[in-house]
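Trainee: Whatever this is, show me its structure:
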Amino acid sequence: MRTIAIASLVFATLALLPDGAQAAPWCADYGGGRGGGGTNCGFYSFEQCMATVRGIGGFCRQNGFENPSYRYQRRYRRD
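Mentor: Model prediction:
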């Protein structure tokens, strides 16, 4: 009985999620000495990315995992 309750909770959560996660189109690569630094691929505009790396060092690049065609897909409703 407990398994059914957990399974239904998981199913309800998945059903309420949007149609899938989409990667943001811009990544910030932060500088760091001795192999340090990091990457944040959560920026949706180049300007947003540049505002983050200004003053702390680093650069912005396009996210290789972002699917550019996803943004331009039209969604049609089937009747």
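Trainee: Every contact and neighbour count from this point should use C-alpha atoms.
Mentor: OK.
Trainee: which element is G64 on?
Mentor: G64 belongs to no helix or strand when assigned by DSSP states H and E.
Trainee: Over to E47?
Mentor: Per DSSP H and E: helix 46-53 holds E47.
Trainee: contacting residues around that helix?
Mentor: W26, C27, A28, Y30, F43, F59, C60 (Cα atoms under 8 Å, 6 or more residues apart in numbering).
Trainee: What of stretch 26-45?
Mentor: By Cα under 8 Å, 6+ apart, stretch 26-45 touches 23-25, 46, 49-50, 52-53, 56-63.
Trainee: now the contacts of helix 46-53 as TSV including pLDDT, secondary structure and neighbour count?
Mentor: TSV is the format used below for those (pLDDT from 0 to 100; DSSP: H, G, I helix; E, B strand; the rest coil; neighbours: other Cα atoms under 10 Å):
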residue	pLDDT	secondary structure	neighbour count
W26	93	strand	24
C27	93	strand	23
A28	93	strand	24
Y30	88	strand	17
F43	92	strand	20
F59	92	strand	16
C60	94	strand	22
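Trainee: Make TSV from those residues and add distance to S8 to it.
Mentor: Shown next, in TSV, are the contacts of helix 46-53 (distance: Cα to Cα, whole Å):
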residue	distance to S8
W26	36
C27	37
A28	39
Y30	42
F43	34
F59	45
C60	42
